[in-house]
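Participant: any chance you can model this:
(one chain, ligands or ions: 2)
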Amino acid sequence: MTSLPQTPSQREAVQDLEESRLGEHSDDDSDINHDGERPATSPDPLTKQEKAQDQEGAYTEEVNTGYSLFSNPPGLARTRQQLFDIRDEFELSAKDFEEYFPFVDNVWRKQKAGENQADTEGATEIFCCRLKPSGQSKNSTPKAPVEGKQQRRKRKREEKTCGMLMKVTYVENPVKKVKIAKAAGSEDTHSHDLDYMDANKRNTAIMDVARREANRGFLPGSIYWKMQEEPVQMEEAGGKFMKVSDVRNVQYPWRQQNMTVTLKAHAGYSQQRSGPRQRLAGSTPGSTPGTPKNGEARPQKPAQTFSPHPPQSSTKAPPAPPPLPPGTLNYPELAKEFLRPYLPYIPQIASQQRPHITLTWATSLDSRIALLPGVQTAISGPETKAMTHYLRSQHDAILIGVNTALSDDPGLNCRLAGAGGFGGKDRAMQPRPIIVDPHARLQINPNMRLLRAASEGKALGPWIVVGPGIQLQPHAVQTLKAHGGEFLQINEIHPEHGLDWEALFSIFHREGVKSIMIEGGGKVLSELLKPRYTSCIDTVVITIAPTFFGKNGVQVSPDTSYEGGQAIQTRLADVKWQPMGQSDMVLCAHLDKRRFQQPLPGIQEFSRQAPPQTPYQRPAPPQGQSPMPPPPQSQQHGTGQPPPPHVNGNGTPAPAGPSPKFRHYGPPGPSRQ
Ligand SMILES: NC(=O)c1ccc[n+]([C@@H]2O[C@H](COP(=O)([O-])OP(=O)(O)OC[C@H]3O[C@@H](n4cnc5c(N)ncnc54)[C@H](O)[C@@H]3O)[C@@H](O)[C@H]2O)c1
Ligand SMILES: Nc1nc(=O)c(N)c(NC[C@H](O)[C@H](O)[C@H](O)COP(=O)(O)O)[nH]1
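Facilitator: Numbers count the residues shown, from 1 in each chain. Ligands and ions are numbered 1, 2, ... in the order given. Model prediction:
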């Protein structure tokens, strides 16, 4: 990305200069009508010169460019929304602020009044929404006509004003970071949504994407076409309403210096594509579905019923893209709103040095997640299933315990339209599958769904977490690596609780995983719902179906925690119930970080008893009996054969042999007998 000046106010100066020279590059929405199409009478998107080149084929040198134009930072869409809709104060590292702010500088500009005041924590800047009420708005003075730029009749935009103010405090010590909060006197929320701003003004970062290609001599129409080849990345960067004229404007300075250069096109670009593409579904400027208008109260509508399968392309659509794989799901914009406050929050993650952890599962009314151990049981309806896949698209990783992997043979990928392998590029929106398998019971073979999905470009390769002292067969390691996965050996093992979850989470965070959704199964969820983990779990999203599975089902229920004669509870906060589909209910909540305890009569007797069976120790065989037999056939993967000799059924390590290389973490663990 073009290197930008250090602080937003410096960037602001650059942008002002650019815009003054080029005219308001994208404030002019005169040629966008509000159903997202250009009116037939609007000027052709190409200038006379470009058209001449097009017609004479003067640009026909088509350059093979297999590269992506976008290099969006992680979680961009979420962070843009969170930097737009400022709620509680949060922090960002100085580096992250530098990286993300250019994606929202079409919303915020530095307060003109120069209200910087130094305070104990360093310089403070106040930003106002560009729709600042009254006063001198940047766009009120008419622009002097720019030479060579076709003066378009500007339709007067509705005078929407907004009183949102943002305060940014730059902190130098002990680390360089910024604190972001609503400024004193700010409105509670914007009077518009982010789409409204994106439709009326492009942010610097998305314009940088166009500028980079423009300064390499590509035709604006070809650049626009190439950008639209990556709709997901374009939309998350704020380019939903980008126009060819934006690209042409941003190329103007370069064109002034290179008047004689013949523009080139990206391979695959052709005249019939030079017109504006169909806008992204639902991208009508100025309104996100369900957004309140003019301060109306947000409609409290029940969850929309929707088809989880993407609409079939209409006969009038441009040449149909390749058909989506069967089973592709669709989760509409409107249904995302209620989840937003519970999704990973990049600014907060930066300050907490651990990933955002979401526990999510589907349950019966008697807190069962399967009819019987090892039996995958359909609980979610089609709509809540699609919601689960939307959650997967919003997290960097998805984690399950090995019993779930053994019984479900899961794909652990995101099957929403637009995800990698489902109409999206590369592996966009695909979470990293993680399976916690301390004794390496899972058999790695190419037939498992995890690896088939990875080989078809529909998933990332899985990480398998094993405990200390495990000897793995080389072919298992090689097969996993061949599918983009790997084994991770963790040596922090807690005698009572198994692999240390907090150590696991910090290792994943170091590996760049900023958010993990933990889908189960019963043992994993019950363990992580204990009060001792409240500090490292952020959110729960539970699908509740109107059914009872009975006592033999797989339960989610943490062992009761005792401390000093008190029973300690795990409680939820910010609870929201959302009906979804025919009969499911979705519970969203944060973990309540306060301590809830209650004295229990006779508690002393309890605490003298042996500690409850921990979920991860292999239960000692009954007196005189042999160790636990290998998992039942139904739980053996793929081949259905007993596990190969390298790891015998009860998971004790194979006889000594050349242990293949895989990543070790933590001090050397206790050697396993
Ligand atoms: N309805 C749902 O949302 C849902 C979700 C997931 C699984 N399920 C169902 O749940 C069942 C499986 O659940 P489960 O409770 O038997 O097993 P599980 O999937 O929770 O796996 C437990 C195993 O994982 C390993 N493990 C996990 N964390 C560990 C740690 N920190 N340290 C050491 N070992 C650790 C251990 O071997 C442990 O025995 C299956 O029937 C599956 O279909 C349902
Ligand atoms: N949300 C949800 N609703 C259900 O009805 C159900 N049975 C699960 N179970 C979660 C468990 O993790 C999945 O059954 C496997 O992960 C297989 O899921 P995928 O193949 O990856 O879609 N989860």
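
Participant: which of the helices or strands spans Ala476?
Facilitator: Here Ala476, judged by DSSP states H and E, is contained in helix 474-482.

Participant: please name every helix or strand in contact with that helix.
Facilitator: Helices and strands touching helix 474-482, by 3 or more C-beta pairs under 8 Å, 6 or more residues apart in numbering; DSSP states H and E, are strand 486-490. For every residue, glycine as well, the C-beta is placed using N, CA and C.

Participant: I'd like the mean pLDDT over the strand it packs on, please.
Facilitator: Per-residue pLDDT values across strand 486-490 average out to 94.

Participant: tilt between that strand and helix 474-482?
Facilitator: 110 degrees (axes from the mean of the first three to the mean of the last three C-alpha atoms, to 10 degrees).

Participant: look up phi and psi at Arg449.
Facilitator: Main-chain dihedrals, Arg449, degrees, to the nearest 10: phi -60, psi -40.

Participant: what's the local residue count around the residue lying closest to it once chain neighbours are set aside?
Facilitator: Of all residues not flanking Arg449 in the chain, Gly411 sits nearest, at 4.7 Å (C-beta to C-beta, 6 or more residues apart in numbering). Neighbours of Gly411 under the rule other C-beta atoms under 10 Å: 18.

Participant: could you report the separation of Gly411 from Gly327?
Facilitator: 9 Å (C-beta to C-beta, to the nearest Å).

Participant: same check, this time on Ile349
Facilitator: Counting by C-beta to C-beta - Ile349 and Gly327 are separated by 31 Å.

Participant: same check, this time on Gly217
Facilitator: 43 Å.

Participant: for the residue in the stretch 151-300 of the chain that ligand 2 sits nearest to, give me the pLDDT.
Facilitator: Here the stretch 151-300 of the chain gets closest to ligand 2 at one residue, Val232, 20.4 Å apart by C-beta to the nearest ligand atom. At Val232, the model reports a pLDDT of 85.

Participant: could you list the buried residues of the helix holding Ala476?
Facilitator: Ala476, Val477, Thr479, Leu480 (16 or more other C-beta atoms under 10 Å).

Participant: quick check, nearest of those residues to ligand 2?
Facilitator: Nearest member of the buried residues of helix 474-482 to ligand 2, counting by C-beta to the nearest ligand atom, is Leu480, at 17.7 Å.

Participant: so what's the closest one scoring on pLDDT?
Facilitator: The model's pLDDT for Leu480 equals 97.

Participant: just give the nearest non-adjacent residue to it, would you?
Facilitator: Ile444 (5.4 Å).

Participant: follow-up on the earlier one: now for the buried residues of helix 474-482: which two are most distant?
Facilitator: The distance between the two most remote of those (C-beta to C-beta) is 7.4 Å, for Val477 and Thr479.

Participant: wait, Gln569 touches Leu600, no?
Facilitator: No: counting by C-beta atoms under 8 Å, Gln569 stays clear of Leu600, with 11.4 Å between them.

Participant: what's the local residue count around the residue of the stretch 151-300 of the chain closest to ligand 2?
Facilitator: Count around Val232 with other C-beta under 10 Å applied: 21.

Participant: who's in contact with the host helix or strand of it?
Facilitator: Secondary structure assigned from DSSP H and E places Val232 in helix 231-236. Residues outside helix 231-236 that contact it (C-beta atoms under 8 Å, 6 or more residues apart in numbering) are 68, 70, 72, 76-77, 80, 206, 227-228, 240, 242, 280, 283, 418, 424-425, 428-429.

Participant: dump that helix to PDB, restricted to CA.
Facilitator: Extracted C-alpha coordinates of helix 231-236, given in PDB (Å, rounded to 0.1, in the frame of the first residue of the first chain):
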ATOM      1  CA  PRO A 231     -15.900  -8.800  -4.500                       C
ATOM      2  CA  VAL A 232     -15.400  -9.900  -0.900                       C
ATOM      3  CA  GLN A 233     -12.100  -8.100  -0.500                       C
ATOM      4  CA  MET A 234     -13.400  -5.100  -2.300                       C
ATOM      5  CA  GLU A 235     -16.500  -4.800  -0.100                       C
ATOM      6  CA  GLU A 236     -14.700  -5.300   3.100                       C
END
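
Participant: return the subset of the contacts of helix 231-236 lying in helices.
Facilitator: Leu76, Ala77, Arg80, Ile206, Met227 (DSSP state H).

Participant: now for those residues: which two are most distant?
Facilitator: Arg80 and Met227 (17.0 Å).

Participant: report pLDDT for the closest residue to Lys530 other than its chain neighbours.
Facilitator: Spatial nearest neighbour of Lys530, chain neighbours left out: Pro558 (4.5 Å); criterion: C-beta to C-beta, 6+ apart. Looking at Pro558, its pLDDT reads 95.

Participant: ok, the residue of the stretch 501-650 of the chain at minimum distance from ligand 2 to Asp396 distance?
Facilitator: Nearest residue of the stretch 501-650 of the chain to ligand 2 (C-beta to the nearest ligand atom) works out as Glu519 at 4.1 Å. Separation of Glu519 from Asp396 (C-beta to C-beta): 14 Å.

Participant: over to Glu337?
Facilitator: 22 Å.

Participant: neighbour count for the two, which is higher?
Facilitator: Set Glu337 next to Asp396 and count neighbours by other C-beta under 10 Å: Asp396 wins out with 23 against 15.

Participant: my guess is that one contacts Pro355. True?
Facilitator: Yes: between Asp396 and Pro355 there is a contact under C-beta under 8 Å: 7.2 Å.

Participant: so what's in contact with these two at the same time?
Facilitator: Joint contacts of Asp396 and Pro355 (C-beta under 8 Å, 6+ apart) are Pro344, Val513, Lys514, Ser515, Ile516.

Participant: for Ile357, give me its contacts.
Facilitator: Phe505, Ser515, Ile516, Ile518, Leu528, Cys536, Ile537, Asp538, Thr539.

Participant: what about the nearest residue to it once chain neighbours are set aside, how many neighbours?
Facilitator: Distances taken as C-beta to C-beta, 6+ apart put Ile537 closest to Ile357, at 4.9 Å, once the chain neighbours are dropped. Neighbours of Ile537 under the rule other C-beta under 10 Å: 21.
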